[in-house]
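Asks: Following is a predicted model, sequence given first.
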Amino acid sequence: MMRLRLYIITIIFSLGMSQENPDIVSRVATSAANWLKIETGTRAIGMGGAYTSIGGGLVGVPYNPASLTFVKKQEGFLSTTEYFAGITHNVLGYAQNMSGVDFASLHIFFLDSGSMPVTTELYNTSEGTGETFSFTALCARATYGRIVTNRLRIGFTGKYIREQIYTTFLQSFAFDIGSHFDTGLWGFKLGMSISNLGPEVKYEGEGLQFDCDETSSGVCEHTTESFRLPMTFRLGFSNQIMGPESDFLKVKNHSLLVSFDAINPIDYTLYGSMGMEYEFMDMFYLRAGTHLEHDTADMSIGAGLALKIRDYKFGLDYAYVDYGPLDVTHQFGLNFAF
């Protein structure tokens with residue numbers, strides 16, 4: 001289990017997985033903090049991550065900061081995911097409509113590999129040296145959104161990121177920008193975002209230090225290369241093809257939403273995602289989606305239940321994702337709005 005966990009951490013968060021494509025091979029492993037590309041939000045994951053143009057409120061902020069402008073009053077969100085080989089990640093967020101056109105939110109993502117034994121050339125058994133270490137990652141987002149016109153909405157996110165493995169870490173600040181546009185044509189919505197804009201980062205910490213005679217302190221430190229953050233461009237469109245506000249099929253108690261995203265990260269080739277959500281009486285939800293030309297993520301399905309009590313709305317969501325050779329994941333999310 002420990003070796004599998006280390007392998008997955010290396011593959012997912014550092015190198016990625018290349019296919020027989022020269023463009024992928026030339027770009028893979030050229031960025032750090034690749035965990036920033038992990039899709040979050042139970043509803044979004046159930047729809048294959050095709051969420052850039054959905055305008056899904058707080059849950060949609062990591063995909064497009066302009067999604068924040070769809071918060072009616074206040075929203076909260078909490079989710080937990082059992083990833084691979086004992087790795088978990090959790091998300092917590094809160095958003096508020098400040099004035100009807102101005103919106104603000106806080107959003108925290110935390111990933112933890114769980115404890116693993118420290119091993120060396122002398123202590124290479126499963127018990128290791130008796131010490132333990134873990135891989136952890138944190139992303140804390142503060143987002144501002146604004147309704148510019150009745151069709152155009154924009155959003156901006158500033159975030160602090162930190163990644164640590166044993167006594168070595170990296171940390172930095174980065175930014176996301178996004179927009180949402182109602183075309184006014186047959187109900188089509190467009191979304192666009194750029195994520196992880198920021199300076200190059202490098203690792204530092206005690207794990208890079210070693211004894212030497214060249215300094216007065218007797219301690220020197222290895223200098224690592226600088227790496228780019230995994231800047232990612234998203235462009236998506238969506239349409240409610242059935243529902244009370246649909247331009248195609250107006251139905252009172254049923255709704256069907258479809259969406260498609262094109263995603264282009266700097267350290268991989270262009271790929272896509274598509275998803276759909278069926279809603280019945282604003283209470284029961286069924287979702288499905290898939291990734292196109294992606295190395296690991298494949299089909300996803302999800303379901304949700306929403307309850308209204310006076311002015312409060314509570315929702316419970318579930319998402320299942322098939323990551324092919326890596327395994328499947330289960331995510332549970334709880335949200336509220338009032």
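Replies: Received the coordinates, thanks.
Asks: For this structure, which segments are assigned as helices?
Replies: For the chain, the helices defined by DSSP state H cover 2-10, 22-27, 42-46.
Asks: any idea how far stretch 77-85 is from the chain center?
Replies: 12 Å (C-alpha atoms, centre = their mean, to the nearest Å).
Asks: same deal with stretch 56-69?
Replies: With C-alpha atoms, centre = their mean as the basis, stretch 56-69 stands 11 Å off its chain's centre.
Asks: ends of that stretch, how far apart?
Replies: 9 Å (C-alpha to C-alpha, to the nearest Å).
Asks: What mean pLDDT does it get?
Replies: On average, the pLDDT along stretch 56-69 is 96.
Asks: Poorly predicted segments of the stretch 101-250 of the chain, please.
Replies: Where the stretch 101-250 of the chain drops to pLDDT under 70, the residues are 121-128.
Asks: and residue 156, how far is that from residue 115?
Replies: As judged by C-beta to C-beta, to the nearest Å, residue 156 and residue 115 stand 37 Å apart. Glycine gets a C-beta too; all of them are placed from N, C-alpha and C.
Asks: higher neighbour count, these two?
Replies: residue 156 (16 against 11; other C-beta atoms under 10 Å).
Asks: Now for that one: which residues touch it?
Replies: Listed by C-beta atoms under 8 Å, 6 or more residues apart in numbering, the contact set of residue 156 reads 65, 143, 144, 145, 175, 176, 177, 178.
Asks: Let's see that with 7 Å instead.
Replies: Residues counted as contacts of residue 156 (C-beta atoms under 7 Å, 6 or more residues apart in numbering) are 65, 143, 144, 177.
Asks: go on, residue 106?
Replies: 93, 94, 142.
Asks: gap between the closest residue to residue 334 other than its chain neighbours and residue 331?
Replies: In space, and not counting its chain neighbours, residue 334 is closest to residue 78: 4.9 Å by C-beta to C-beta, 6 or more residues apart in numbering. Distance from residue 78 to residue 331, counting by C-beta to C-beta: 11 Å.
Asks: Tell me which of the two has more neighbours.
Replies: For the pair residue 78 and residue 331, the greater number of neighbours falls to residue 331 (26 against 15), based on other C-beta under 10 Å.
Asks: what is the more buried one paired to in the beta sheet?
Replies: residue 81, residue 319 (DSSP bridges).
Asks: Next: the one 4 residues further on.
Replies: Beta-bridge pairing for residue 335 (DSSP bridges): residue 77, residue 315.
Asks: circling back: just the buried ones out of the contacts of residue 106, please.
Replies: 93, 94 (16 or more other C-beta atoms under 10 Å).
Asks: Sitting in strands, which of the contacts of residue 106 do you find?
Replies: 93, 94, 142 (DSSP state E).
Asks: so what's the first one closest to, chain neighbours aside?
Replies: Excluding its sequence neighbours, the residue lying closest to residue 93 (C-beta to C-beta, 6+ apart) is residue 107, at 4.0 Å.
Asks: Nearest to residue 258 among the contacts of residue 156?
Replies: Nearest to residue 258 out of those is residue 65 (C-beta to C-beta; 22.7 Å).
Asks: Now do the closest residue to the closest one other than its chain neighbours against residue 33, distance only.
Replies: Excluding the flanking residues, the one nearest residue 65 by C-beta to C-beta, 6+ apart is residue 155, at 2.8 Å. Using C-beta to C-beta, residue 155 is found at 21 Å from residue 33.
Asks: before we move on, the earlier item: tell me which of the ones in strands among the contacts of residue 106 is nearest to residue 318?
Replies: residue 93 (18.2 Å).
Asks: my guess is the closest one meets residue 77, correct?
Replies: Yes. Counting by C-beta atoms under 7 Å, residue 77 is a contact partner of residue 93 at 4.5 Å.
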